[in-house]
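Chemist: The sequence and its predicted three-dimensional model are supplied below.
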Amino acid sequence: MTITPTTPLSDLPRIGKVLTKRLHKLGLARVLDLLFYFPFRYEDFSTITPIARIQPKTETTVCGTIDLIANKRAFRRRMYITECLITDETGSAKAVWFNQPFITKLLRQGDLVYLSGKVEHTKYGLQFSNPSYEKVKKEQTHTARIIPIYSLTENLTEKQIRYLIRLVLPLAQSVPEWLPDTVLRQYRLMRLSTALHEVHFPTDKAQLGMARRRLKFDELLLIQLKTQLVRHELSAERAPKIHFNEGLTRQFVSSLPFTLTPSQKKAAWEILQSLGDASPMNRLLEGDVGAGKTVVAALIALNVATNGYQTALMAPTEILALQHFKTLHKIFKQSKVQTALITSSAKQYGARKTTQQKLLKHIEKGSAQVVIGTHALIQERVRFNKLGLAIIDEQHRFGVDQRKTLKNKTDGYSPHLLSMTATPIPRSLALTLYGDLDISAITELPRGRKKVLTKIVPPEKRQSAYGFIRREIESGRQAFVICPLIEESDKLGVRAATAEYNMLSEEIFPDLSVGLVHGKLSSADKKAAIDAFEQNKASILVATAVVEVGVDIPNASVMVIEGAERFGLAQLHQFRGRVGRAEHQSYCLVFTESNSDKTLERLNALITAKDGFELAEKDLEFRGPGEIYGLKQSGFPELKIAKLTDRELIRQTREAAESLLTGNKGLSGYPLVQKRLKHFSASVHLE
């Protein structure tokens, strides 16, 4: 049969139903999937060492003739040991394999072979332990070269994957070169077919580097093209022009009990200027935890209201929606802007609780000028009178379908869109993920805020930490305790909120009031627990990540984080931001059961980084973007080979995307690019 890139893997020789199922677990169904299944690392076995010169504790490759090979049973253990003696012109070495008796059927006395692996010093001299092996042939696959290492699933081996990729690799020649020659020349890129060969079985390190650069370029360019097209599509739509009301804005700012920081003023002005355009704004407002994004949003919503339009503010959780409602209702009292709250369990119009039916009428008539809620905001029965601005908090990728839903709630125009995040976006990430967004940043904290003192607490210092927490509570303060799970999990071995609550309330602080909040509680119970903590009826609040954002308790001065290794830096920084919100000195105590150097290095970044922007850069390097920004859940493409720390490549792909789209917005002049982007867009929605 003829094998093509679209041939199902089940049709390849030596692949049965069992192997096909295992490959499907890795997302591999067709030949093309295999070609684009890239190694995640490599082992360099390309240097052949004479046996007389091999050194212990090194990864080494030798070439020699098998003098002896045999299986034997291990004494006192039910295990086969395969022993081999290999000789070259300089000497002999021993190799052993454990529980692989079939090797004696594959390798025989007199075979010329390569062995690659770790050399150990034993009482019998130097020997290879479980080395890779391969007979000498025209082209090696598993030894004597730079060897690709792939991610596997259960009962699948590296040799099986390498065999299959070697089998289909000639078909790389039939994969179309979709980049124009001008782009290939300008950025000195290897051709795609060559890159696919070299990324799997590199000729040398230089060729491997060029192959990886080409494939990274492809990934990043497609994202850049997609985001640029979204920007172009948005610019063609119409939005209401929101005129700046200088007098009312000055009055509003002077009524605030604090002074706006310079970057709050700058961000607000950038947003107000965008709202004055007839094209819909698509902007991201980012700022560190506690930097004052909500008051900027209030200032913007005030101007929208004075222009006769409504603002919808959507938050991902009821806790955060309620916090925003409380803050905005208080801020708008003097300005007489009417606020409303709509979630699955709470309906409020100004200071009064109301029925859903009455609230929906207020929204539809337009008397509710700023409507705060969760996803309940975009339900079909919610109809706005004149929606001019949608503000999305902590959901950087507002879904395409949700955006359309909001657009359908307006009459013949698109509302402006402002996303907000307290997880600062590194510039390299912003250029790639948010190419369709303009970005405004609040870069400093309000005046007078004290830095939260952060300390990593080893297990042996736990009791003294409890003593410190008690002293803070006795001085009138309160403490959060964050746990990674709701209930105990023996497998994970991490502290759970319910068990922690029981221990703290019964054993450690039996004389204090301890509250508990987690995602499985009803909305009413969550609200009751947070209200009790807010009113200082509870000294300690044990919680899961449900309080990551949206809980503002100025009196709390201690943040305890259990199982800190289970959270990313950005999330830890968010937790820490729940304290230090008043004039009291505040503290963050980070508990970890892990003693791994990598974990401690990551957690130490919490102490050394000067702000959330620097932490976000470090988190990006440690974990990647999907974990930090929730992109895996939002439909953002998982990068197979590129990294968002490839700053120069990001700059080049952005430049290339702009060049390809200049005067050619639909890419009609580049049919292969258009086709490749269409395929990419069909599998990915930037949300």
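Modeler: Here it is on my side, so go on.
Chemist: a helix runs through Gln140, doesn't it?
Modeler: No: counting by DSSP: H, G, I helix; E, B strand; the rest coil, Gln140 falls outside a helix, being coil.
Chemist: That one against Tyr114, yeah?
Modeler: Yes: in terms of CB atoms under 8 Å, Gln140 counts as a neighbour of Tyr114; the distance is 6.5 Å. C-beta: built from backbone N, CA, C; applies to glycine.
Chemist: Looking at those two, which has the bigger crowd around it?
Modeler: Tyr114 (23 against 18; other CB atoms under 10 Å).
Chemist: give the contact list for that one.
Modeler: Residues in contact with Tyr114 (CB atoms under 8 Å, 6 or more residues apart in numbering) are Phe45, Ile48, Thr61, Val62, Cys63, Tyr133, Glu134, Lys135, Val136, Gln140, Thr143, Ala144.
Chemist: Chain neighbours aside, what residue packs nearest to Thr405?
Modeler: Counting by CB to CB, 6 or more residues apart in numbering, Ile378 is the residue found nearest to Thr405 once chain neighbours are left out, at 4.7 Å.
Chemist: What is the neighbour count of that neighbour?
Modeler: Ile378: 20 surrounding residues under other CB under 10 Å.
Chemist: sorry, back to before: ok, and the most crowded of the contacts of Tyr114?
Modeler: Result: Val62 is most packed of the contacts of Tyr114 (other CB under 10 Å), 27 neighbours.
Chemist: tell me which residues of the strand or helix carrying that residue are tucked away?
Modeler: Using DSSP states H and E, Val62 maps to strand 59-73. By neighbour count on 16 or more other CB atoms under 10 Å, the buried set for strand 59-73 is Thr60, Thr61, Val62, Cys63, Gly64, Thr65, Ile66, Ile69.
Chemist: any chance of those in JSON lines, plus pLDDT?
Modeler: As requested, the buried residues of strand 59-73 are exported to JSON lines (pLDDT from 0 to 100):
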{"residue": "Thr60", "pLDDT": "93"}
{"residue": "Thr61", "pLDDT": "95"}
{"residue": "Val62", "pLDDT": "96"}
{"residue": "Cys63", "pLDDT": "96"}
{"residue": "Gly64", "pLDDT": "96"}
{"residue": "Thr65", "pLDDT": "97"}
{"residue": "Ile66", "pLDDT": "97"}
{"residue": "Ile69", "pLDDT": "95"}
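Chemist: which one among these gets closest to Met503?
Modeler: Closest approach to Met503 among the buried residues of strand 59-73 (CB to CB): Thr60, at 52.1 Å.
Chemist: Per-residue confidence, Pro446, what does it come out as?
Modeler: Note on Pro446: pLDDT of 78.
Chemist: Tell me the secondary structure of it, please.
Modeler: coil.
Chemist: how many other residues sit next to it?
Modeler: The burial count for Pro446: 16, using other CB under 10 Å.
Chemist: and what of the one 3 residues further on?
Modeler: Neighbourhood size, Arg449 [other CB under 10 Å]: 15.
Chemist: Secondary structure element holding it?
Modeler: Residue-wise, Arg449 maps onto no helix or strand under DSSP H and E.
Chemist: mind giving me the domain split of the protein?
Modeler: With domains defined by automatic domain parsing, the chain comprises 47-144, 178-236+646-680, 246-442, 453-608.
Chemist: Is it possible to get a markdown table of the ones you listed that adds distance to Ile15?
Modeler: Putting the domains of the chain into a markdown table (distance: least, CB to CB, whole Å) gives the following:
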| stretch | distance to Ile15 |
| --- | --- |
| domain 47-144 | 17 |
| domain 178-236+646-680 | 18 |
| domain 246-442 | 37 |
| domain 453-608 | 34 |
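Chemist: So what's the residue count around Gln357?
Modeler: For Gln357, using other CB under 10 Å, the count is 9.
Chemist: Could you do the one 4 residues further on as well?
Modeler: The number of residues packed around Lys361, counting by other CB under 10 Å, is 15.
Chemist: how about it, secondary structure?
Modeler: Secondary structure for Lys361, judged by three-state DSSP, is helix.
Chemist: Tell me how far it lies from Leu389.
Modeler: 21 Å (CB to CB, to the nearest Å).
Chemist: What of Ile607?
Modeler: Taking CB to CB as the measure, Ile607 and Leu389 are separated by 39 Å.
Chemist: Which one's more surrounded, these two?
Modeler: Neighbour count, other CB under 10 Å: between Ile607 and Leu389, Leu389 has more, with 28 against 12.
Chemist: For the more buried one, name its beta-bridge partners.
Modeler: Leu389 forms beta bridges with Thr311, His416, as assigned by DSSP bridges.
Chemist: Check it and give its pLDDT.
Modeler: pLDDT, Leu389: 94.
Chemist: any shared contact partners between Gln140 and Tyr114?
Modeler: Glu134.
Chemist: Phi and psi next, for the nearest residue to Leu179 once chain neighbours are set aside.
Modeler: In this structure, Leu179 finds its nearest non-sequential neighbour in Leu189, 6.8 Å apart by CB to CB, 6+ apart. Torsion angles at Leu189 (phi, psi; degrees, to the nearest 10) stand at phi -100, psi 140.
Chemist: In contact with Leu189, which residues are there?
Modeler: Leu179, Val183, Arg213, Arg214, Phe217.
Chemist: Can you tell me which of those end up in helices?
Modeler: Secondary structure assignment by DSSP state H places Val183, Arg213, Arg214, Phe217 of the contacts of Leu189 in helices.
Chemist: Pipe these into a markdown table and attach neighbour count and pLDDT per row.
Modeler: Below are the ones in helices among the contacts of Leu189 laid out as a markdown table (neighbours: other CB atoms under 10 Å; pLDDT from 0 to 100):
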| residue | neighbour count | pLDDT |
| --- | --- | --- |
| Val183 | 19 | 96 |
| Arg213 | 20 | 98 |
| Arg214 | 23 | 98 |
| Phe217 | 25 | 97 |
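Chemist: and which of these is nearest to Arg14?
Modeler: The nearest member of those to Arg14, counting by CB to CB, is Arg214 at 30.6 Å.
Chemist: My read is that that closest one contacts Met190, right?
Modeler: Yes: look at Arg214 against Met190 with CB under 8 Å: they come within range, at 4.4 Å.
Chemist: which regions of the chain sit below the pLDDT cut-off?
Modeler: Where the chain drops to pLDDT under 70, the residues are 1, 76, 395-404, 406-408, 426-436, 487-494, 548-550, 623-638, 683-687.
Chemist: so Leu85 sits in a strand?
Modeler: Yes: with three-state DSSP as the criterion, Leu85 is part of a strand.
Chemist: Can you report how many residues neighbour Leu541?
Modeler: By the criterion of other CB under 10 Å, Leu541 has 26 neighbours.
Chemist: now it: how far from Asp552?
Modeler: Taking CB to CB, one finds Leu541 at 13 Å from Asp552.
Chemist: contacting residues around the closest residue to Pro39 other than its chain neighbours?
Modeler: Take Pro39 and drop its neighbours on the chain: the residue closest to it by CB to CB, 6+ apart is Pro148, 3.6 Å away. Each residue near Pro148 by CB under 8 Å, 6+ apart is listed here: Pro39, Tyr42, Arg162, Ile165, Val199, His200, Phe201.
Chemist: Distance check, the nearest residue to the fifth one once chain neighbours are set aside against Leu85.
Modeler: Taking CB to CB, 6+ apart as the measure, Val199 lies nearest to Ala211, with 4.3 Å between them; neighbours along the chain are not counted. In this structure, Ala211 and Leu85 are 38 Å apart, going by CB to CB.
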